[in-house]
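K.L.:
Provide a 3D model corresponding to the input given below.
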Amino acid sequence: MSADDPAPAGASSLDSDGRSSSGPSTKFELDRETELRLEVEGPAPVRIELLTGMAEVFGTELTRNKKYTFPPGSRAAVFTWHGCTVQLWGSPDVAYVSKDTPMLLYLNAHVALEQMRMQAEREGERGPRVLVAGPSDVGKSTLCRMLLNYAVRTGRRPTLIELDVGQGSVSVPGTVGALCVERPADVEEGFSAQAPLVYHFGSTTPGTNIKFYNKLTSRLANVFNLRCDSNRRASVSGCLINTCGWVKGSGYQALIHAASAFEVDVVLVLDQERLYNDLLRDLPHFVRTVLLPKSGGASERSKDCRRESRDLRVREYFYGPRASLYPHAFEVKFSEVRVYKVGAPSIPDSCLPLGMSQEDNQLKLVPVTPGRDMAHHLLSVVPVDGGTAEEGIEERNVVGFIVITGVDIERQTLTVLSPAPRPLPKSVLLIMDIRFMDLK
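P.N.:
Model prediction:
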């Protein structure tokens, strides 16, 4: 590693893409099979440029002499198989080169999955369905991204199944979804999410309504099976299932349910030998269960960091990754909307109707009367076809999201922030527990 002379305070230069580089500059010389690990916590972004050689970020190749920006809250690893030189601008909280990486093991996992796809092509079978499991902050999402990128780079079209309702990458928090991956993830913005399939859950942890969570998992599996039946390429390419970090009790049972619903062939367990052995014991013998180490760059995030990450996902939905979008604000009358919450509050068993269980209550649609307590809540927009039939509305896919930014009781109106102009489509609104303060 060599450090260039820092730029004078306040100095900046304009790049060919119109964005400026400022602050201290550092050059890193990376040997083969090493990686530059970055963590950006402070207020200023960090930029990197590949000067020589070849490198990748989570499976996406870097273009030489192009600058990439990592905003506050980012964590990244620039890995090289053959050696490279990287220039860095800015002052990340963490920036160091590591020789101890599990990348060779991750590449071996990709090679094994690709062999399964090739066999599926030859024999007219389906490709591998892979579930990635492990506790929080061990790199499950990163491993999924990497394996998806490698698959796409070999000509496959795998599907990402997102079951992490807290830190998922397909849509906003409080949802599960699926995304057909057709090109490698953008280094700065991730996978292109032009047409994801998204379902409302309403909370950032499955434990708030585990029966509903498992029902949505089954729904996603059914839809994915239908896609595989009609699209041979998608069937051969298979899927990668990203799960949440809750791996005990009902969370563990949710993993078993997901593995069964998707009829997975491979389970990749990151970092926890106990979970690996439990799954080895409880899953069918034909499921290949593999224990992989986590990267040394994966570190535990605080609750504040997780909340900021969720807020950023919602903000990017409305405003775009670089504030390139302009959402619409308009008023909606109370009488024009029907708002529901999935799951009724628990009541004593003695008060339940004869033959009804608490679990049945978890799937009940409960009407919500518009009021001041709805302010700043995120709501899912679920289309209603033609009439007023709302049966099974909780299992229908979401067409978008809005945020209630104001409630006027006297005028009986809601002020909403929406990515599309008025009016709202003929739909039902499902309210989330998630709040978003629009401070832009």
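
K.L.:
for stretch 248-263, buried residues please.
P.N.:
By 16 or more other C-beta atoms under 10 Å, the buried positions in stretch 248-263 come out as 251-252, 254-255, 257-259, 261-262. Quick note: C-beta positions are derived from backbone N, CA and C, even for glycine.

K.L.:
so where is the stretch 101-250 of the chain shaky, pLDDT-wise?
P.N.:
For the stretch 101-250 of the chain, no stretch is flagged by pLDDT under 70.

K.L.:
all strands for it, in order.
P.N.:
In the stretch 101-250 of the chain, the strands defined using DSSP state E, counting those that start in this stretch lie at 129-133, 159-162, 175-180, 197-200, 239-242.

K.L.:
most tightly surrounded among those?
P.N.:
A comparison of those by mean neighbour count, using mean count of other C-beta atoms under 10 Å, puts strand 239-242 on top with a mean of 28.

K.L.:
got the angle for the following helix or strand past it vs strand 129-133?
P.N.:
Moving toward the C-terminus from strand 239-242, the next helix or strand (DSSP states H and E) is helix 250-261. With axes from the mean of the first three to the mean of the last three C-alpha atoms, to 10 degrees defining the directions, helix 250-261 sits at 170 degrees from strand 129-133.

K.L.:
what's the spacing between helix 250-261 and its chain's center?
P.N.:
19 Å (C-alpha atoms, centre = their mean, to the nearest Å).

K.L.:
who's in contact with that helix?
P.N.:
Residues from elsewhere that reach helix 250-261, judged by C-beta atoms under 8 Å, 6 or more residues apart in numbering: 131, 133, 163, 206-207, 210, 213-214, 217-218, 220-221, 241, 243-244, 246-247, 264, 267, 275, 278-279, 282-283, 287.

K.L.:
PyMOL command for the buried members of these?
P.N.:
To isolate the buried subset of the contacts of helix 250-261 in PyMOL, counting by 16+ other C-beta under 10 Å, use the following:
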select buried, resi 131+133+163+206+210+213+214+217+220+221+241+243+244+246+247+264+267+275+278+279+283+287
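
K.L.:
so which of the contacts of helix 250-261 are in helices?
P.N.:
Among the contacts of helix 250-261, DSSP state H puts 210, 213-214, 217-218, 220-221, 275, 278-279, 282 in helices.

K.L.:
hang on, isn't residue 370 packed against residue 334?
P.N.:
Yes: using C-beta atoms under 8 Å, residue 370 is in contact with residue 334, at 4.7 Å.

K.L.:
more neighbours, the two?
P.N.:
Shown here are residue 370 and residue 334; by other C-beta atoms under 10 Å, residue 370 has more neighbours (21 against 16).

K.L.:
contacting residues for the more buried one?
P.N.:
So residue 370 contacts 334, 337, 339, 407, 412, 414 (C-beta under 8 Å, 6+ apart).

K.L.:
quick one on the thing from earlier: okay, and the common contacts of residue 370 and residue 334?
P.N.:
412, 414.

K.L.:
can you tell me how far the spatially most central residue of the chain sits from residue 254?
P.N.:
Nearest to the geometric centre of the chain sits residue 169, at 1.7 Å (C-alpha atoms, centre = their mean). Taking C-beta to C-beta, to the nearest Å as the measure, residue 169 falls 19 Å from residue 254.

K.L.:
try residue 430
P.N.:
21 Å.

K.L.:
residue 436 too?
P.N.:
From residue 436 over to residue 254 (counting by C-beta to C-beta), the distance is 26 Å.

K.L.:
now residue 407
P.N.:
Residue 407 is 35 Å from residue 254, by C-beta to C-beta.

K.L.:
OK, contacts around residue 264?
P.N.:
Contacts of residue 264 (C-beta under 8 Å, 6+ apart): 129-131, 241, 258, 287.

K.L.:
try 6 Å this time
P.N.:
Counting by C-beta atoms under 6 Å, 6 or more residues apart in numbering, residue 264 touches 129, 131.

K.L.:
ok so, going back, can you pick the most crowded of the contacts of residue 370?
P.N.:
That'd be residue 414 among those, by other C-beta under 10 Å, with 25 neighbours.

K.L.:
for the closest residue to that one other than its chain neighbours, report the pLDDT, please.
P.N.:
Distance criterion C-beta to C-beta, 6 or more residues apart in numbering; nearest residue to residue 414, sequence neighbours excluded, is residue 332 at 4.9 Å. At residue 332, the model reports a pLDDT of 95.
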